[in-house]
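1. Kindly return the folded structure for what I paste below:
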Amino acid sequence: MDALQPVVYEIRIQGHLENHRADWFGDMTITRLPDGSTVLTGTVVDQAALHGLLSRIRDIGALLISVQRLDSPPSLKQAT
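-> Predicted coordinates for the structure are as follows:
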């Protein structure tokens with residue numbers, strides 16, 4: 001991660017994130033999947049912010065499934 005450039009991440013957790021906890025994750029897009037997991041997608045400004053998100057996930061007792069760095073936000077990808 002370039003320290004000067006934000007990066008888009010997709011963070012998957014086990015279980016559906018409750019509505020009242022959504023505010024804990026700022027501008028992240030929250031998607032509840034049919035398999036019972038939740039995906040948080042959004043721009044993370046730096047490593048400290050990423051660690052902060054992961055700490056919040058730990059603090060609510062959610063099981064972290066995966067963290068994936070995306071090349072660009074899904075809505076900005078061009079069709080080929």
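
2. going forward, measure contacts and count neighbours with C-alpha atoms only.
-> Fine.

3. Now do stretch 17-28: distance from first to last residue.
-> The first and final residues of stretch 17-28 sit 12 Å from each other (Cα to Cα, to the nearest Å).

4. Go through it and flag the buried ones.
-> Residues 17, 25, 28 are the ones in stretch 17-28 that count as buried (16 or more other Cα atoms under 10 Å).

5. now do stretch 31-40
-> Buried-residue list, stretch 31-40, by 16+ other Cα under 10 Å: 32, 37-40.

6. Please apply the same query to stretch 45-61.
-> 45-46, 50, 53, 57.

7. export it as PDB, just CAs?
-> The C-alpha coordinates for stretch 45-61 follow below in PDB (Å, rounded to 0.1, in the frame of the first residue of the first chain):
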ATOM      1  CA  VAL A  45      -6.800   5.800   3.700                       C
ATOM      2  CA  ASP A  46      -3.800   4.100   5.300                       C
ATOM      3  CA  GLN A  47      -2.600   1.200   7.300                       C
ATOM      4  CA  ALA A  48      -3.600   2.800  10.600                       C
ATOM      5  CA  ALA A  49      -7.200   3.000   9.300                       C
ATOM      6  CA  LEU A  50      -7.100  -0.600   8.200                       C
ATOM      7  CA  HIS A  51      -5.900  -1.700  11.600                       C
ATOM      8  CA  GLY A  52      -8.700   0.400  13.200                       C
ATOM      9  CA  LEU A  53     -11.300  -1.400  11.100                       C
ATOM     10  CA  LEU A  54      -9.900  -4.800  12.000                       C
ATOM     11  CA  SER A  55      -9.900  -3.800  15.700                       C
ATOM     12  CA  ARG A  56     -13.600  -2.900  15.500                       C
ATOM     13  CA  ILE A  57     -14.300  -6.300  14.000                       C
ATOM     14  CA  ARG A  58     -12.400  -7.900  16.800                       C
ATOM     15  CA  ASP A  59     -14.200  -5.700  19.400                       C
ATOM     16  CA  ILE A  60     -17.700  -6.800  18.300                       C
ATOM     17  CA  GLY A  61     -16.600 -10.500  18.400                       C
END
